[in-house]
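> The following block contains a protein sequence and its predicted model.
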Protein chains: 2
Amino acid sequence: MSFRIERPEPHGGRLIERVVTDPARGKKMAKGCPALDIKPTLDENGVPVRNVYREIMSVCYGFFSPVEGSMKEAELARVLKERRLLNDWIFPYPILFDVSEEDHKKLGVTAGDRILLRLKGEPFAILDIEEIYRIDPLEVATKTFGTPEDNPEVVKEAFNKKHPGWVIYKSMHPVIYAGKFTIINEPKLRPPFDRFWFPPRKCREEFDRRGWRTVIAHQTRNVPHVGHEFLMKNAAYTGDSEPCHGILVNAIIGVKRKGDYPDEAIVEGHEAVNLGGYIKPERHMVSILLWDMRYGNPLESMLHGIVRQNMGCTHHMFGRDHAAVGEYYDMWATQILWGKGIPSFGFPKPITEVPYGLKIRPQNMLEFWYCPKCGEIAYSGNCNHSKEKQKFSGSFIRGMVSEGVFPPPVIFRPEVYKVAVKWWKVFGYPFVTPKYLIAREKELEVDLPHMDV
Amino acid sequence: MSFRIERPEPHGGRLIERVVTDPARGKKMAKGCPALDIKPTLDENGVPVRNVYREIMSVCYGFFSPVEGSMKEAELARVLKERRLLNDWIFPYPILFDVSEEDHKKLGVTAGDRILLRLKGEPFAILDIEEIYRIDPLEVATKTFGTPEDNPEVVKEAFNKKHPGWVIYKSMHPVIYAGKFTIINEPKLRPPFDRFWFPPRKCREEFDRRGWRTVIAHQTRNVPHVGHEFLMKNAAYTGDSEPCHGILVNAIIGVKRKGDYPDEAIVEGHEAVNLGGYIKPERHMVSILLWDMRYGNPLESMLHGIVRQNMGCTHHMFGRDHAAVGEYYDMWATQILWGKGIPSFGFPKPITEVPYGLKIRPQNMLEFWYCPKCGEIAYSGNCNHSKEKQKFSGSFIRGMVSEGVFPPPVIFRPEVYKVAVKWWKVFGYPFVTPKYLIAREKELEVDLPHMDV
């Protein structure tokens, strides 16, 4: 019996790639279409909470394979009920191109029309409209994340406007244009994001180049403290007959909560882990996903599994409170989804065992804490010194950082902390502020080449 | 697809159990047989190097399943050539009941006869002789371990009398009684070994009791320093969808080299790791195997795989220089055997992929060292601080211990070191001496109930 684990195929069987790299062909495809400028989704206070351009990028570069565009009404209904696409493959979230009533009136398009989407004043993508329908954003928001009544296995509290993912869906416009996206003018990633841009095909080629057969993915929206580094290093001991060859950090880049670190500090902070030699650069690689995080804990973990399987990873690590905010979900909801399933979400078995499910393997991990008796960052599955243990408290660490205290090396590697300080100087504050959000949504992570259509 | 890993069946398909627990039946079976007192095998200086009673125990309690006794001439030949039993299952070492010409003459037995083997003056086991033949001990010793000419993939130096495993075979008597062993008077393990005695059936029951489905085995003949503890803790992050439920330490108890720790300190030293809370007792269990270690690196690892598969483990960790002494073998020979195979030993593929091979999974690990830059025991697959690293040197640590220096906690956990000191006081020296070997071979690890036959 061979225990060898091979790279999984993409979710749905093949990578979606909907990027036209020949500008002449791109121009031709967009010629004569009514144009619409992409604008950020704003919350009730006018603060940007999402930009659909990130979803278009993630769809067209294949991160979200097999999704090819904005969902039709029947597909939205199925995703909300069963977390499956119409082709049966599992998928957690509505992907929707929403338009205001005002813009819809102005455009005057119907099913069968093609529209040109402009970004930062330049042509960016086309959307071939297959269907136009209306949603109740509040209903979509609530059904996406679930309720304590309908999903008692994992939902502990009703979602509300304190939850940034719920706010994203709640803030959408009511008119949905369903249809496939095609990028016709390839954006250039801006520094520092450009060197972390590995769309699935390129990422798989990079794994080949590095000789990585087994790769474990690490989800992040943080500048890594030592606890994160230990989760990464220790989860990566799984593999097949030896530890995983590679660790892929995949950072979610997009709108964040106030109090999250700025994206620039996140990617460079992770890079500092390998530049500092804590994990060899030959074994550690930082990449990004453009996505306005929904903080959907188990649902978010399913999206993470899809994205990283598409990128070619064999394993995905999951800790406590994966991609969670507040206490809406059980803190172990993600591991419940991957370990036994969540029937009310449509999964009576782990999502790697259901039909049309995932092929990436979970590595479900407990917590790490600092134990002065062990003299190390200890794993809660091993360390029995419950009196002595000192938990990593994200809010404690944030508090220390915002007070300007240089944290001890047992909490932050100095190389990593210097990155946080570097971007603090740039943005005037170590964490995301409304001002940062507004500035970032003007600049985004890309520039677009000039294109006359 | 389910990634769930289930407990493997015993090697050969069923557990061998050849222990008569009813004394009346035992007496009856031994009645009227010619008796032979088991004596230790002595090297050329008269120092005990082996006691065949340990092999009889390991065979009859099923540790060596599917082996049932002393090998016939054809089976010996096949083991030496192909490392397979006559029933095709892989097995690395000759298991032989050897008798001196003098004892053989005195006994006057032939094939078909049953003999009673006495231990510490009491009836112990019977051997049903199926064949009597002669060996050339030098040839058996050399063919067992291989030569640089015949096994160039892994053998670097010709074996000689500095190698304790080679000495064991070289010191055997020339007359072999082949046939099945049956224990007819069950020995009682002496303290401290009694609480670590988990023969395969009992061990599997203990795993059930503890709710351990996935268990990784750790081979030891050492009082664990912190480097050993880190190998154990970190290798155990493998599993299926979560780290292994349990870590089984299986200590080889029997004749050791001078300079090894005494067996009593080894088992209690490992126990101190869990009593000290460095690995929770719920996740860590110490057990023993009675065996005079052959130090056969890849061959020894195969025996370890067989024994721990029989005990019910799903995984086995292997580090550098596994069960090695000197530089006879390539330091990674064990991982070569489990990772790609050693054709000249009969294995063109990993020993989990050949017919009639093993079902336990290897976890092949690199080295651990102390890195002052990382501030921790670091894994060589991660840490890039090659200038700063400080390797664990077994001989340096032994030197420090024998000088009476209390080692720093980064080398030895204080609870573990206290165990070494406790037995040092008992035996007058921290390591195995010829005096210890001679005394131990009189006492052994067992007492036998009185039985009149």
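Done, it's in.

> Show me what stretch A:38-47 is in contact with.
A:48-53, A:98, A:117-119, A:124, A:161, A:167-168, A:171-172, A:255, A:434, A:437-438, A:441 (C-beta atoms under 8 Å, 6 or more residues apart in numbering or on different chains). For glycine as for every other residue, the C-beta is placed from the backbone atoms N, C-alpha and C.

> List the buried residues in the worst-scoring helix or strand of chain A on mean pLDDT.
When the helices and strands of chain A are scored by mean pLDDT, DSSP states H and E, helix A:394-402 comes last with a mean of 78. Neighbour-count burial for helix A:394-402 flags A:I397, A:M400, A:V401 (criterion: 16 or more other C-beta atoms under 10 Å in any protein chain shown).

> Now stretch A:97-107: average pLDDT?
Across stretch A:97-107, pLDDT averages out at 98.

> Would you enumerate the residues in contact with the residue in the stretch 201-350 of chain A positioned nearest to chain B?
Using C-beta to the nearest C-beta, the single residue of the stretch 201-350 of chain A nearest to chain B is A:G277, 3.3 Å away. Shown in contact with A:G277 (C-beta under 8 Å, 6+ apart): B:K373, B:C374, B:C383, B:N384, B:H385.

> Got the confidence number for it?
pLDDT at A:G277 comes out at 97.

> May I have the phi/psi pair for it?
With angles defined as degrees, to the nearest 10, A:G277 sits at phi 80, psi 10.

> quick one: it and B:V226, what's the gap?
21 Å (C-beta to C-beta, to the nearest Å).

> same deal with A:V59?
Applying C-beta to C-beta, the value for A:V59 to B:V226 is 49 Å.

> which residues sit against the strand or helix carrying A:W369?
A:W369 belongs to strand A:368-371 when assigned by DSSP states H and E. With contact meaning C-beta under 8 Å, 6+ apart, strand A:368-371 is reached by A:227, A:230-231, A:234, A:376-380, A:383, A:385, A:388-392, A:410.

> Selection in PyMOL covering whichever of these are buried, please.
If you want just the buried ones from the contacts of strand A:368-371 in PyMOL, going by 16+ other C-beta under 10 Å, the selection is:
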select buried, chain A and resi 227+230+231+234+376+377+378+379+380+383+385+389+392+410
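
> So which of the contacts of strand A:368-371 belong to strands?
Per DSSP state E, strands hold the following members of the contacts of strand A:368-371: A:E376, A:I377, A:A378, A:Y379, A:Q390, A:K391.

> what pLDDT does the nearest residue to the second one once chain neighbours are set aside get?
With C-beta to C-beta, 6 or more residues apart in numbering or on different chains as the measure, A:F230 is the residue that lies nearest to A:I377, at 4.5 Å, once sequence neighbours are left out. pLDDT, A:F230: 96.

> Show the contacting residues for A:F230.
Contacts of A:F230 by C-beta under 8 Å, 6+ apart are A:F368, A:I377, A:Y379.

> Kindly report the same for A:S287.
For A:S287, the contacting residues are A:F196, A:W197, A:F198, A:C203, A:L248, A:V249, A:N250, A:A251, A:M311, by C-beta under 8 Å, 6+ apart.

> ok, now with 10 Å
A:195-199, A:202-203, A:206, A:217, A:248-251, A:253, A:267, A:270, A:307-308, A:311 (C-beta atoms under 10 Å, 6 or more residues apart in numbering or on different chains).

> how far away is it from B:E443?
Distance, A:S287 to B:E443, by C-beta to C-beta: 62 Å.

> check which helix or strand covers A:I247.
Residue-wise, A:I247 maps onto strand A:246-253 under DSSP H and E.

> Direction included, what does that strand pair up with?
Its sheet considered, strand A:246-253 pairs with strand A:215-220 (parallel), strand A:284-290 (parallel) by DSSP bridges.

> Give the buried residues for the helix or strand just after the longest one.
Counting by DSSP H and E, the element after strand A:284-290 in chain order, helix or strand, is helix A:298-311. Buried positions in helix A:298-311, judged by neighbour count with 16+ other C-beta under 10 Å: A:298-311.

> Save those as JSON lines, and put in distance to chain B too.
Below are the buried residues of helix A:298-311 laid out as JSON lines (distance: C-beta to the nearest C-beta, whole Å):
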{"residue": "A:P298", "distance to chain B": "15"}
{"residue": "A:L299", "distance to chain B": "19"}
{"residue": "A:E300", "distance to chain B": "18"}
{"residue": "A:S301", "distance to chain B": "13"}
{"residue": "A:M302", "distance to chain B": "15"}
{"residue": "A:L303", "distance to chain B": "19"}
{"residue": "A:H304", "distance to chain B": "15"}
{"residue": "A:G305", "distance to chain B": "12"}
{"residue": "A:I306", "distance to chain B": "16"}
{"residue": "A:V307", "distance to chain B": "19"}
{"residue": "A:R308", "distance to chain B": "15"}
{"residue": "A:Q309", "distance to chain B": "12"}
{"residue": "A:N310", "distance to chain B": "17"}
{"residue": "A:M311", "distance to chain B": "19"}
